[in-house]
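> one predicted model, sequence on top.
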Amino acid sequence: RSLAFCDFYILSILSRMAATGVSVTDEVTAQFAEFKKSSNKISFIIYKIEDLSKGPIVAEYTSGENEPFQSFLDKLPADDCRYAIYNMDFTTTDGRPTNKLVNIAWAPDTARVKAKMVYAGSKAALDRVFVGVSTKITAVDMSDLTEEKVQEACRKFA
């Protein structure tokens, strides 16, 4: 019995770890569980890899209630990578107001090559935590990440 528990424990740790060895903290997992609740008023959370050589992925910034999209864009560094989860309000093609969670990978062209490689290789660990998030965007410059483009991505599967 203890061996089965040990195997389960090791598998649970490995499922939160990427091929790069970077893992997602339990705090990030718990924070996302709260974020996806319908009672949540937070607009977005920005994540970073604390140490590119070993991780972990941690929350860097948590927005206030109903913080605007421009505030989110202003928080993204111009020369470094980040992950984010955004609660996007939009109108469906048939006119219904709704919202979706959007998983965003920010990897600007101006970021260091090592940072882009580690963030790309570690993204799967965060994807496993973001259960139920179907809209994913990878942006390399601000033209990829306008509010209109994010809303359009949400409409594809609404």
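That came through fine. Predicted model only: the values in this text are computed from it and were never measured.
> right, and the helix or strand after the helix or strand bottoming out on mean pLDDT in the chain?
Of all helical and strand segments in the chain, the minimum by mean pLDDT, DSSP states H and E falls on helix 2-14, at a mean of 46. Heading C-terminal from helix 2-14, the first helix or strand you meet, by DSSP states H and E, is helix 26-35.
> quick one: residues in contact with that following helix.
Contacts made with helix 26-35 from outside it, assessed by Cβ atoms under 8 Å, 6 or more residues apart in numbering, are listed as 16, 40, 42, 45, 47, 57-59, 62, 85, 87, 101, 126, 129-130. Using the backbone N, CA and C atoms, a C-beta is placed for each residue, glycine as well.
> before we move on, what about stretch 60-73?
31, 41-48, 75, 82, 84, 86, 142, 145, 147, 150.
> whichever helix in the chain runs longest vs helix 26-35, what angle?
Secondary structure assigned by DSSP state H gives helix 113-129 as the longest helix of the chain. For helix 113-129 against helix 26-35, the angle by axes from the mean of the first three to the mean of the last three Cα atoms, to 10 degrees is 50 degrees.
> pull the contacting residues for the spatially most central residue of the chain.
For the chain, the residue lying nearest the average C-alpha position, counting by Cα atoms, centre = their mean, turns out to be Ala84 (3.5 Å). By Cβ under 8 Å, 6+ apart, the contact set of Ala84 is Phe44, Ile45, Ile46, Tyr47, Phe72, Leu76, Asn103, Ile104, Trp106.
> please flag which of those sit within strands.
Using DSSP state E, the subset of the contacts of Ala84 located in strands is Phe44, Ile45, Ile46, Tyr47, Asn103, Ile104, Trp106.
> list the contacts for the third one?
The one in question is Ile46. Ala59, Glu60, Tyr61, Thr62, Phe72, Lys75, Leu76, Arg82, Tyr83, Ala84.
> which of those has the most neighbours?
Tyr83 (26 neighbours; other Cβ atoms under 10 Å).
> the closest residue to that one other than its chain neighbours pairs with what?
Once flanking residues are discounted, Tyr83 sits nearest to Tyr47: 4.3 Å by Cβ to Cβ, 6 or more residues apart in numbering. With DSSP bridges as the criterion, Tyr47 is bridged to Ala59, Tyr83.
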